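**Q** Take this sequence and fold it.
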Amino acid sequence: MFRSKKEDFGNNSYLYILENDKGLKVKLAEVGATITGIFFKDKNNKEIEVGFGSDDIEFYSEKAKNGHMGATVGRVAGRTMGAKFKIDDKEYNITPNKSPDHTHGGVKGFSYVTFNSVQKKDNEVLFSYVSKNGEEGYPGNVNLMVKYTITDENEIIIDYIATTDKATPLNIMNHSYFNLNGGGKINDHEIFIDAKYYLPSDENDMTSGEILKTKNTPYDFTESKKIDEIIKAKGGCDNCFIFDDNDINKKRVKVLSKETSISLEVFTTMPSVLFYTANSLNNCKVRNQILNKHEAFCLETQYFPCALNFNHFPSIIVYPDREFNHRTIYKFGLN
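**A** Down below sits the predicted model:
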């Protein structure tokens, strides 16, 4: 059994609230096709806000500096060094919004545009947007669909389907910030990541192009351990972890809070996940509190950061005769 509501969110846009009977509630906004809140009941049947956001639409403007919280990020998530790339020997210059580089789609990437929406079932909402040729410097007209579905198994299923009329790069993902305690430090959360390799980064959090083994490093999460370990060893994590294949049925990540007994599992067709421990979060005013460093974590399923800069990384170029088609599932439970 599912319930849903559609509300005015301001600036001629709407907010949707989807709920099931198992304790899962999700808020979704047309601006940025954004998850503005995820709520789940803990072992004591108390509702916990496990995915952060705001009920104020101004929080989601491009001037808010909210870390793209909950938003759909693209055309290209992550960094592109030098804010330029080549397709078939033609060079394109894109917006250097983190000069001299480009990050998370530009000044007004997908995170900040208002999508169209349609709801045909109580447990799903379909968002769509047409990104015009030349937007943020990218070539081609891109038709994007982002569908959110909740299930009786306490899953949030995110489907991305995009087509283009000209070769263009696409790396689209969701940027939710989680805390399975509902607030406070994430250090005691336990995390498992199914990855034998990771991408190291430099002092500017820039991917070096190396692909290293996780074994015998602080980045080995193939056995569940507390997030506190990577925070103590490296000051936190902002690294991409690589999967062996794209099997949607394989559990790629599991995070557990012993305090609430809430768990979060991640399944995806994407080739990697960026695990971020909110190292730069500072005085971020969300719905019921102010978030600071290491008080949330992100699990960004995506292609590799800087994929346009390194030829040995999987290509993110989509051609007119193909389709960008990926699925990510966030599944909540009690352990």
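
**Q** Quick check: K232 is in a helix.
**A** Yes - per DSSP: H, G, I helix; E, B strand; the rest coil, K232 lies within a helix segment.

**Q** Need the pLDDT of it.
**A** Reading off the confidence values, K232 has pLDDT 98.

**Q** what does G78 give?
**A** 94.

**Q** Compute the number of surrounding residues for the residue nearest to it when sequence neighbours are not counted.
**A** In this structure, G78 finds its nearest non-sequential neighbour in P305, 3.5 Å apart by C-beta to C-beta, 6 or more residues apart in numbering. From N, CA and C alone the C-beta is placed, and that goes for glycine too. For P305, the neighbour count with other C-beta atoms under 10 Å is 28.

**Q** again with the one 5 residues further on
**A** Other residues near F310 come to 17 when the count uses other C-beta under 10 Å.

**Q** if we can go back for a sec, now do the contacts for the residue nearest to G78.
**A** 77-79, 199, 207, 240, 274 (C-beta atoms under 8 Å, 6 or more residues apart in numbering).

**Q** most neighbours, which of those?
**A** Using other C-beta under 10 Å as the neighbour test, the contacts of P305 are led by A77, with 29 neighbours.

**Q** what separates that one from H102, distance-wise?
**A** Going from A77 to H102 by C-beta to C-beta, to the nearest Å gives 11 Å.

**Q** where does this structure have low pLDDT?
**A** For the chain, not a single residue meets the criterion pLDDT under 70.

**Q** In strands, which of the contacts of P305 fall?
**A** 79, 199, 240, 274 (DSSP state E).

**Q** So the third one versus P314, what's the distance?
**A** Which is C240. 12 Å.

**Q** any common contacting residues for those two?
**A** Residues touching both C240 and P314 by C-beta under 8 Å, 6+ apart: F304.

**Q** Quickly run through the sheet partners of whichever strand or helix holds F192, with directions.
**A** Using DSSP states H and E, F192 maps to strand 190-193. Using DSSP bridges, the strands paired with strand 190-193 are strand 225-226 (antiparallel), strand 253-256 (antiparallel).

**Q** chain center to it, what's the gap?
**A** Relative to the centre of its chain, strand 190-193 is centred 17 Å away, using C-alpha atoms, centre = their mean, to the nearest Å.

**Q** swap in stretch 301-312?
**A** Distance of stretch 301-312 from the chain centroid (C-alpha atoms, centre = their mean) equals 16 Å.

**Q** what distance separates the start and the end of that stretch?
**A** 19 Å (C-alpha to C-alpha, to the nearest Å).

**Q** Tell me where the stretch 101-250 of the chain has helices.
**A** In the stretch 101-250 of the chain, the helices defined using DSSP state H, counting those that start in this stretch lie at 227-234.
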